[in-house]
Every structure is written in C-alpha cells, then in structure tokens.
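Novice: requesting a structural model of the entry that follows:
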Amino acid sequence: MDQSDQQMSMLWRWNVDSDPIEVHVATDSSEEIDDQLCIQYLRSLSQVPKPLSITFIFTGTPKVSSKESAGEWMTTFEEHVVSQQNPNTNVSFTTLEEYSSSGSHNPDFFLQIAPMKEYTGENLEVKGKYILAGDYVSDTPSFNMLGSEAITKKFFDQGKLVDIPSHHMATMRFNEELLSKFTGPFNEYIVFTAFKLAFGRMHPKCPVAQKFAEGLVNPDVGRGVNYKSVMTIAKNLDVPSMPAFYTHTESYDALEAKKYFKDIFGDDWKDTNGSICKLDHINYILHYINVFATGIRPSALFHDNGGEVFYSNFTVDTIPELLKPSWEYFKANASKLIDCYNPVYDLFAGYVMVGLINGETRVEHSVEEFLEKIVKEF
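Specialist: Just a heads-up that it's a prediction; the model follows:
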C-alpha cells in the first residue's frame, strides 16, 4: 500500500455518542477552493444536536482523478484541518469509484457539491435530505448537474431533493470575519484563486467550455461571475472601469476576444449576446491593473501580446511571466479585494445542510443572514 492509499484509508475516531448523525459529501475538491472551505466548515462545526460522522467522497474532475484529488487534499489541507476539527466528529475518506462499488449506503444526509460522473445512486438511500449545490431544473445549467441526472431524479422522485439555486449561491461572498476563519493554506488559495479566475478564462478545450465559458464572461448569458469580479476589482483599486470604446460593437483590439470564442464555438459562431465586448472590457481592466503593477505604459499585457487571452489553468508555481507583476500587485492589495474573492458556493451549500440537520430551512437566506450565522458555527 503506497502513502496515498494509506492516507485515503485513514479514519479518525473519538469517543462519541453511539448514534451520530451520518453525513456523506461528494466533492471534487476542485481548484476553485470552495469545496475545501465547505470541508473545513463541516469538520469544525460546534453547533449540531449530536456528533457527526462524515464521509467525504472524492469524485475527481475532468483533469484530475478522484484518487489524485484526494491526495491533493491530504497533502495541502488535511494537517491544518485536523488541528481545528471538532473532537466529537468522525471523518473518513473514499473515492466515488470505491463508494459506488462498496455495498449499500444509508446516511442521514447527503451533500452533493460536485458532478456525480454518471453515478446513479443504486446502492444509496438517504434517510433525510439529499442536498444539491445547484439547480435541479434551470434554463441556465448548473455545473454540478453534469452527469448527475439519474441520482438527482431518484431523490427528487422520493421528495428528498433540496436544490440550492446557483444564482443565489453566487451572491454569497466573504466578509472580513468569515475570511478570518480560514487561515494557513486556505487563505493563500482563496487569494490565488481570486487572482487566477480574474486574470484567466476557462480554457477553450475544457470539456464544459461550450456550456459555461461564455456565461462566466457575460452576465447576459450566465451569471457573469468573472465579469462582475473584475469590475469590482476595478472599483476597489481605482482602475478606470469604462473605456470610451466600450459602447462600440467591436473595439480596436477585440481580436483576442474574438479568437477566444471562435476557439470554443468554431468559426461559424455569431456573437448575438455581445460577449466579445464583455470580454474586451475585462481585458481592458486587466491591462490597466498590469500598468499599475509594473509602472510601465503601454504594457505588453493583453493589448500588445498578439491577441492572447490567458487561461485559468496555471498554478501559483506556473503563473505566466507577463502576469507575475499583477499577481504581486494583487497580493499587496488583498485587503482591499475581499468582496472580489470568488463566491463561496459550496460553503453556503454546507451551511444549508447544517440548517436542515438543526431543523432550519436556509436555502433562501440572504448573504447578510449567512454571514451573521455561519461565523458562529465554527
């Protein structure tokens, strides 16, 4: 058994109530950090009626296997979380492949914060509620519904499905008090993820790019999370936010934005929603952040680099050379950018599940209610 296998088999147990609340959580532990925040929150909980027994099911992503995803968690976050965990909470880890083939499961609650990769739930029954971070049915598809149609239908038909609208989760953001709950590697990844998803777009070859890339950039197509974050960054850093050319159909340097969408949708794609203009507006802001960061004008970034749009598939160790000054500037101004950090989608989903455990419905809680209550539950 290699080290990663040993880590996967680790099970922490304390002397607890003989009948704890059993919770299973499907997570891809993705690069966007929100899964990881949910995991720490659930393991740090102090306000539940009985001790918890939590099984985390790593599903993996299109780029990372479930085993690799679990290994990344163990390497980066596990030691930090164990030191803060409620001593009355039992924790175990598995992969979706192991879970789907390991006999029957009957938890009190199931939380889905990742796509289920066509797992149908044939060996799963839930006593209480099955909570989905996303919309079960929506005109704007939720990421977590990919490959999840069968399992969500099963629990919808049983009257046990609780789905949390993605557009509502997208409103859930940090404030200083909530951010203070996440220290060490969590804080570092929160800041880096905000930077990466502001300065990088979804790669055109990502398997879900045709479904989600345009909506991330254009609020008229999807939730426009990347667009809104960049505009907030501009406001917080006093960067000019509205170029004179923005009302034009195509600006003088929109070739890079055109190329991005053509790479995703093909040469026959028609910009019926003004997405080229939205992406060009994003690039304008990022260009000026780089100007501020380097003190050099004009900057080589974006406008003069041959039409390149950077993709969000870099790590903190592989930041493109042209983006490094902006990264240093972003870090130096991190305290001004808390409301620009990524929405805490999955943290809110975990908060909703904890409400259900405590007999409270939280799906429609406002961001103010969420921020007031969640910081008291760690």
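
Novice: show me where the stretch 101-250 of the chain has strands.
Specialist: 109-112, 129-133, 161-164 (DSSP state E, counting those that start in this stretch).

Novice: please work out which of those is packed deepest.
Specialist: Mean neighbour count (mean count of other CB atoms under 10 Å) peaks for strand 109-112 among the strands of the stretch 101-250 of the chain, with a mean of 27. Yep, even glycine has a C-beta here, placed from its N, CA and C like the rest.

Novice: quick check: mean pLDDT across it?
Specialist: Regarding strand 109-112, the rounded mean pLDDT is 98.

Novice: chain center to it, what's the gap?
Specialist: 17 Å (CA atoms, centre = their mean, to the nearest Å).

Novice: again, but for stretch 279-296
Specialist: For stretch 279-296, the distance to the chain centre is 25 Å (CA atoms, centre = their mean).

Novice: include distance to Arg201 when you put the strands of the stretch 101-250 of the chain into TSV, please.
Specialist: Listed next are the strands of the stretch 101-250 of the chain as TSV, based on distance: least, CB to CB, whole Å:
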stretch	distance to Arg201
strand 109-112	27
strand 129-133	23
strand 161-164	26
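
Novice: and the ones you listed: which comes nearest Ala349?
Specialist: Each of those has some distance to Ala349 by CB to CB; the shortest is strand 129-133, at 3.7 Å.

Novice: from the chain's centroid, how far away is that closest one?
Specialist: Taking mean C-alpha positions (CA atoms, centre = their mean), strand 129-133 and its chain are 17 Å apart.

Novice: could you pull out the buried residues of stretch 51-62?
Specialist: The neighbour-count check on stretch 51-62 (16 or more other CB atoms under 10 Å) flags Pro51, Leu52, Ser53, Ile54, Thr55, Phe56, Ile57, Phe58, Thr59, Gly60, Thr61 as buried.

Novice: let's test this: mean pLDDT of the longest helix belonging to the chain, rounded?
Specialist: Longest helix in the chain, counting residues (DSSP state H): helix 275-294. What helix 275-294 shows for mean pLDDT is 84.

Novice: which other helices and strands contact it?
Specialist: Secondary-structure packing of helix 275-294 (3 or more CB pairs under 8 Å, 6 or more residues apart in numbering; DSSP states H and E): helix 209-217, helix 225-236, helix 255-265, helix 324-332.

Novice: circling back: nearest to Leu322, out of the strands of the stretch 101-250 of the chain?
Specialist: Per CB to CB, nearest to Leu322 of the strands of the stretch 101-250 of the chain: strand 129-133, 34.6 Å.

Novice: neighbouring strands of that closest one in the sheet, and parallel or not?
Specialist: Looking at strand 129-133 with DSSP bridges, its partner strands are strand 109-112 (parallel), strand 161-164 (parallel).

Novice: turn the ones you listed into CSV, including distance to Trp269.
Specialist: As requested, these are exported to CSV (distance: least, CB to CB, whole Å):
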stretch, distance to Trp269
strand 109-112, 32
strand 161-164, 31
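
Novice: for Ser30, find the nearest of those.
Specialist: Here strand 109-112 is closest among these (CB to CB), at 13.4 Å.

Novice: can you tell me what sits against the closest one?
Specialist: Outside strand 109-112, the residues that touch it by CB atoms under 8 Å, 6 or more residues apart in numbering are 21-26, 38, 124, 126-133, 144, 148, 151-152, 155, 349-350, 353, 356-357.

Novice: now those residues: which count as buried?
Specialist: Among those, those classed as buried by 16+ other CB under 10 Å are 21-26, 38, 124, 126, 128-133, 144, 148, 151-152, 155, 349-350, 353, 356-357.

Novice: now do Trp14, the pLDDT please.
Specialist: 33.

Novice: quick one, what contacts Asn236?
Specialist: By CB under 8 Å, 6+ apart, the neighbours of Asn236 are Asn333, Lys336, Leu337, Asp339, Cys340.

Novice: and it, what pLDDT?
Specialist: 92.

Novice: compute the mean per-residue pLDDT across stretch 77-90, please.
Specialist: Rounded mean pLDDT across stretch 77-90 is 94.

Novice: just the CA trace of that stretch, in CSV.
Specialist: Taking Å, rounded to 0.1, in the frame of the first residue of the first chain, the C-alpha atoms of stretch 77-90 are listed here in CSV:
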residue,chain,number,x,y,z
PHE,A,77,-5.0,20.9,3.7
GLU,A,78,-5.5,17.8,5.9
GLU,A,79,-2.9,18.6,8.6
HIS,A,80,-4.3,22.1,9.0
VAL,A,81,-7.9,20.9,9.3
VAL,A,82,-7.2,18.1,11.7
SER,A,83,-5.8,20.6,14.2
GLN,A,84,-9.1,22.6,14.1
GLN,A,85,-11.6,19.7,13.9
ASN,A,86,-14.3,19.1,16.4
PRO,A,87,-13.0,16.2,18.5
ASN,A,88,-16.5,14.6,18.5
THR,A,89,-16.6,14.4,14.7
ASN,A,90,-15.7,11.2,12.9
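
Novice: now that stretch: buried residues?
Specialist: If you call a residue buried by 16+ other CB under 10 Å, then stretch 77-90 has these buried ones: Phe77, Glu78, Val81, Gln85, Asn86, Asn88, Thr89, Asn90.

Novice: list the contacts for the residue found closest to Pro219 once you drop the neighbours it is linked to in the chain?
Specialist: For Pro219, ignoring the flanking residues on the chain, the nearest one in space by CB to CB, 6 or more residues apart in numbering is Tyr227 at 5.7 Å. Applying CB under 8 Å, 6+ apart, we find Tyr227 in contact with Leu216, Val217, Asn218, Pro219, Lys278, His281, Ile282.

Novice: from Arg362, how far off is the last one?
Specialist: In other words, Ile282. Going from Ile282 to Arg362 by CB to CB, to the nearest Å gives 33 Å.
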